[in-house]
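**Q** what follows is a protein structure lacking sequence information:
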């Protein structure tokens, strides 16, 4: 028996369809049963024949019933075991099991939070961004807003990035070599697939950026840790390895903050040339140098096409934009165009176009000056306060650039102690251990302080509290 | 000799730095040479000592010179061969070689272009989208706009999608099972890495979506083609294969447009359960059905956690947004949370939030009704015109849903002939051959017509021209 309720939101044909389907699944209407004709059912339910017809057509389409010419609608056979599964289908399970323990949500509850990579909302160019978005969405032709667009990214944006990289980072390339991606990991994922033919071993800095490492591992590359010296990777270790690819952060090593000088850059290039190897240069925070000018990229001194250059907007504009870019050497373009020719663009059109206009109107340079200035002030106040309060009790690594420093301690406290004591005083500082592959090489006496997301005032207050937590307890 | 020009945009310290660096690279200043002291050089150039100091510090930082305590600045050793490379560094190459031959830009020059996946700009909710964007960018707290956000996607958006999928597609899941990605290929890439432990063989429909196939190949999965019957994949072929994963489009097979009925869905599920296999259900255009209601998903009848469900906004809202989502079975969540725990969100925050508000305010349902109505009209006029003009000379496959149909011909013309003749008359139609793996199984007498990007008027005119091109020549 079918019961219709015209007070429900559900259309009448849906109610008929659903109730018959449920009866078939529950076995109340057996296989082979002939259903009422459309006319009979519509009369008995007092609905139009169209309504019943819609319901029957849907049941036919899904295979629950079949329409035999000139004899009517019959219930189809459904396998018993599978019917059983359909019947007991039930999702009232405990949600808690599903949550990842490691799922670290941004921690916004602490006032003094030295989180790395968080920027200050005051320095996002919100007014200009909104203005450009509105201009773009007012154009009479919005074809691009509803199309699949250029798979390497918008030509206009790639041109802006090309010019910027040329001027500020010495990067020489042509438009075709630039690809816009949704974040550094998205670049690296493509690079892994691009280079798999070349080698399945990849050398990485140890310690190094763990977000890159997991991408290599998930792409089944064999990760070879290379120790660091004061001026970057230990070349002797690299040369003794089987690696034919290296992932490196030469201009501001992550996390130690060291800078690779020109001699070592040349030697690393020489290794790549002699060894038929590729250097993946991650230039993640090149915009942010507080003394001197940015150091020219490896790509700019590479005449043999050994360097893949990667950059991101995450440190200089916002990580919430999910925009990064890479510059491939000419020699890899053919394979890129080949294996990714059926891929579509990685970044939304509107966002690419907004950034393009932002750069094209000259706002990018103004913005860089502003955030460099603001982060320099934060950096200086951080370093000054640490020096003043903690003096020789700590060593500051990685000064004068980027958005973080590393503190090394000599008072016997372990990383965990340092973090716990800080937290007990209401200040969040971050571990460095996650960046090591060979954890046994880590002296376990450092923590990381990001400063870009805090005000100067809170930086001073936070360091004062930390000094108390670590040294006066 | 250093020549300064205070009319240049380049700061004076940069001019000094650059000129000394060039002299070192060109060999004009030899290794070991002592530079002028800061005071001497600043006097001779008539600039402040700070200016020279900046230049020297930068050269030190990059390793071109070194500062020996109490004796001054000396030029460092640079390897000869590498210096040679630096010197002849030159990028004036021919651009043409760099361009991919396959790089098919959207073809907007033809008036009658039956391109698949292109939508009509008139149906993008531009006014609402702009309004919501402006509201979001006016909020006083913009922390999220400058932060790394939830890696699985914004909870609010995932909730909206969960509710929508539950109502319209019968998908039962919890928030933790939903992940927002930047397009179907981005979902599939993650799935490949997620399932590599499970199996390295994947069965796919032949013909099937080539954009998925390349992702599997680039992830080094072994692709096993499975033939199609009228109601979907040939189960006997699947059972004879080694595959423990299948990628399928059951609700509207791409490209043939067939619908997998409930019996076959249950049998496919049975295969997955018995064989410890995973079904990747790509429900790419489920919103667009022009007769009856959308067919419930495979996920909705799966009680054993064998189905990964994928959906996209590309067909229903816009491909330029680059938003897709997947629903993982609970059994795969632990591994997902584990291997991707260091990944960051894939889609820009602002875009996710705009879509969330759009759905939350009820605009999504209105929009779906609108585009369904508009595309149904286009579909109907397309099918009607083809039937009227070409009658029994062609078979139309995949009617009543989605954004395309396939035409099969019996007049002896090959795919290539059909496309060429159309193009000679100014109409662009598309090949189907690209969707086949075993091209020898393709009868080579079909073409694909997408209709969503054209007006009804142009559809009628286009079909009239095509009729002439194909049958009256």
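**A** Good, I have the coordinates. All values derive from a computational prediction rather than experimental measurement. Residues are numbered from 1 along each chain as shown, chains lettered A, B, ... in the order given.
**Q** which residues are in contact with the strand ranked longest in chain A?
**A** When chain A is parsed with DSSP state E, its longest strand is strand A:222-229. For strand A:222-229, the external contacting residues (C-beta atoms under 8 Å, 6 or more residues apart in numbering or on different chains) are A:200-207, A:213, A:216-217, A:233-234, A:237-238, A:241-243, A:246, A:253, A:256, A:258, A:437-438, A:441. Every residue, glycine included, has its C-beta placed from N, CA and C.
**Q** so which of those are in strands?
**A** Those of these lying in strands (DSSP E): A:201-206, A:233, A:246.
**Q** tell me the buried residues within the contacts of strand A:222-229.
**A** A:200-207, A:213, A:216-217, A:233, A:237-238, A:243, A:246, A:253, A:256, A:258, A:437 (16 or more other C-beta atoms under 10 Å in any protein chain shown).
**Q** and chain B, which of these reach it?
**A** Subset of those in contact with chain B: residue A:217, counting by C-beta under 8 Å from any C-beta of the partner chain.
**Q** so who does the residue of the stretch 51-200 of chain A found nearest chain B touch?
**A** Using C-beta to the nearest C-beta, the closest approach of the stretch 51-200 of chain A to chain B is made by residue A:63 at 2.6 Å. Residue A:63 sits next to A:76, B:231, B:261-265 when contact means C-beta under 8 Å, 6+ apart.
**Q** 6 Å - rerun?
**A** Residues counted as contacts of residue A:63 (C-beta atoms under 6 Å, 6 or more residues apart in numbering or on different chains) are B:261-263.
**Q** find the nearest non-adjacent residue to it, please.
**A** The spatial neighbour of residue A:63 that comes closest, neighbours along the chain excluded (C-beta to C-beta, 6 or more residues apart in numbering or on different chains), is residue B:261 at 2.6 Å.
**Q** same check, this time on residue A:430
**A** residue A:448 (4.4 Å).
**Q** from chain B, how far out is the closest residue to residue A:452 other than its chain neighbours?
**A** Using C-beta to C-beta, 6+ apart and skipping the chain neighbours, the partner closest in space to residue A:452 is residue A:403 (4.2 Å). Residue A:403 is 12 Å from chain B, where distance means C-beta to the nearest C-beta, to the nearest Å.
**Q** how many neighbours does the closest residue to residue A:47 other than its chain neighbours have?
**A** In space, and not counting its chain neighbours, residue A:47 is closest to residue A:12: 5.5 Å by C-beta to C-beta, 6+ apart. Using other C-beta atoms under 10 Å in any protein chain shown, residue A:12 is surrounded by 18 other residues.
**Q** now do the same for residue A:12: its pLDDT.
**A** As predicted, residue A:12 sits at a pLDDT of 84.
**Q** please apply the same query to residue A:143.
**A** 84.
**Q** need phi/psi at it.
**A** phi -50, psi -40 (degrees, to the nearest 10).
**Q** cool, residue A:447 as well?
**A** According to degrees, to the nearest 10, residue A:447 has phi -140, psi 160.
**Q** was I right about it contacting residue A:433?
**A** No - with contact defined as C-beta atoms under 6 Å, residue A:447 and residue A:433 do not form a contacting pair (9.7 Å).
**Q** what residues does the stretch 151-300 of chain A have near chain B?
**A** Neighbours of chain B within the stretch 151-300 of chain A, by C-beta under 6 Å from any C-beta of the partner chain: A:172, A:174, A:176, A:182, A:185, A:193, A:210-211, A:214, A:218, A:261-263, A:266, A:270, A:292-293, A:295.
**Q** what is the burial count for the residue in the stretch 151-300 of chain A positioned nearest to chain B?
**A** Going by C-beta to the nearest C-beta, chain B is nearest to residue A:261 of the stretch 151-300 of chain A, at 2.6 Å. For residue A:261, the neighbour count with other C-beta under 10 Å is 20.
**Q** gap between it and residue A:296?
**A** Residue A:261 sits at a distance of 12 Å from residue A:296 (criterion: C-beta to C-beta, to the nearest Å).
**Q** now swap in residue A:223 and tell me
**A** 28 Å.
**Q** can you check residue A:369 too?
**A** 20 Å.
**Q** equivalent analysis for residue A:198, please.
**A** 26 Å.
**Q** please say which of those two ends up with more neighbours.
**A** residue A:296 (18 against 15).
**Q** OK, contacts around that one?
**A** Contacts of residue A:296 by C-beta under 6 Å, 6+ apart are residue A:170.
**Q** try 8 Å
**A** Counted by C-beta under 8 Å, 6+ apart, residue A:296 has contacts A:169-170, B:62.
**Q** checking it next. Helix, strand or coil?
**A** The assignment at residue A:296 comes out as coil when based on DSSP: H, G, I helix; E, B strand; the rest coil.
**Q** pull the number of nearby residues for the residue nearest to residue A:411 when sequence neighbours are not counted.
**A** Among residues not flanking residue A:411 along the chain, residue A:393 sits closest, at 6.3 Å (C-beta to C-beta, 6+ apart). Neighbour count for residue A:393, taken as other C-beta under 10 Å: 14.
**Q** what of the one 5 residues further on?
**A** Taking other C-beta under 10 Å as the neighbour definition, residue A:398 ends up with a count of 20.
**Q** so who does it touch?
**A** Here residue A:398 is in contact with A:252-253, A:255-258, A:404-406 (C-beta under 8 Å, 6+ apart).
**Q** what's the closest of these to residue A:47?
**A** residue A:404 (68.3 Å; C-beta to C-beta).
**Q** list the beta-bridge partners for the closest one.
**A** Beta-bridge pairing for residue A:404 (DSSP bridges): residue A:450.
**Q** quick one: residues contacting it.
**A** A:116, A:255, A:257, A:398, A:448-451.
**Q** from residue A:174, how far off is the residue nearest to residue A:63?
**A** 53 Å.
**Q** residue A:130 now?
**A** 33 Å.
**Q** what's the answer for residue A:218, then?
**A** In terms of C-beta to C-beta, residue A:218 sits 31 Å off from residue A:174.
**Q** who has more neighbours, these two?
**A** residue A:218 (23 against 18).
**Q** residue A:454 reaches residue A:114, doesn't it?
**A** Yes - counting by C-beta atoms under 8 Å, residue A:454 touches residue A:114, with 7.0 Å between them.
**Q** for stretch A:405-416, list every residue counted as buried.
**A** Taking 16+ other C-beta under 10 Å as the criterion, stretch A:405-416 shows A:405-407, A:409, A:413, A:415 as buried.
**Q** circling back to that earlier point, next, the residue nearest to residue A:47: phi, psi?
**A** The phi/psi pair for residue A:12 (degrees, to the nearest 10) is phi -60, psi -40.
**Q** what segments of the stretch 201-350 of chain A are helices?
**A** Remark: helices assigned in the stretch 201-350 of chain A by DSSP state H, counting those that start in this stretch are A:210-218, A:235-240, A:262-274, A:330-339, A:349-360.
**Q** please name whichever of these is nearest to residue A:458.
**A** helix A:210-218 (26.3 Å).
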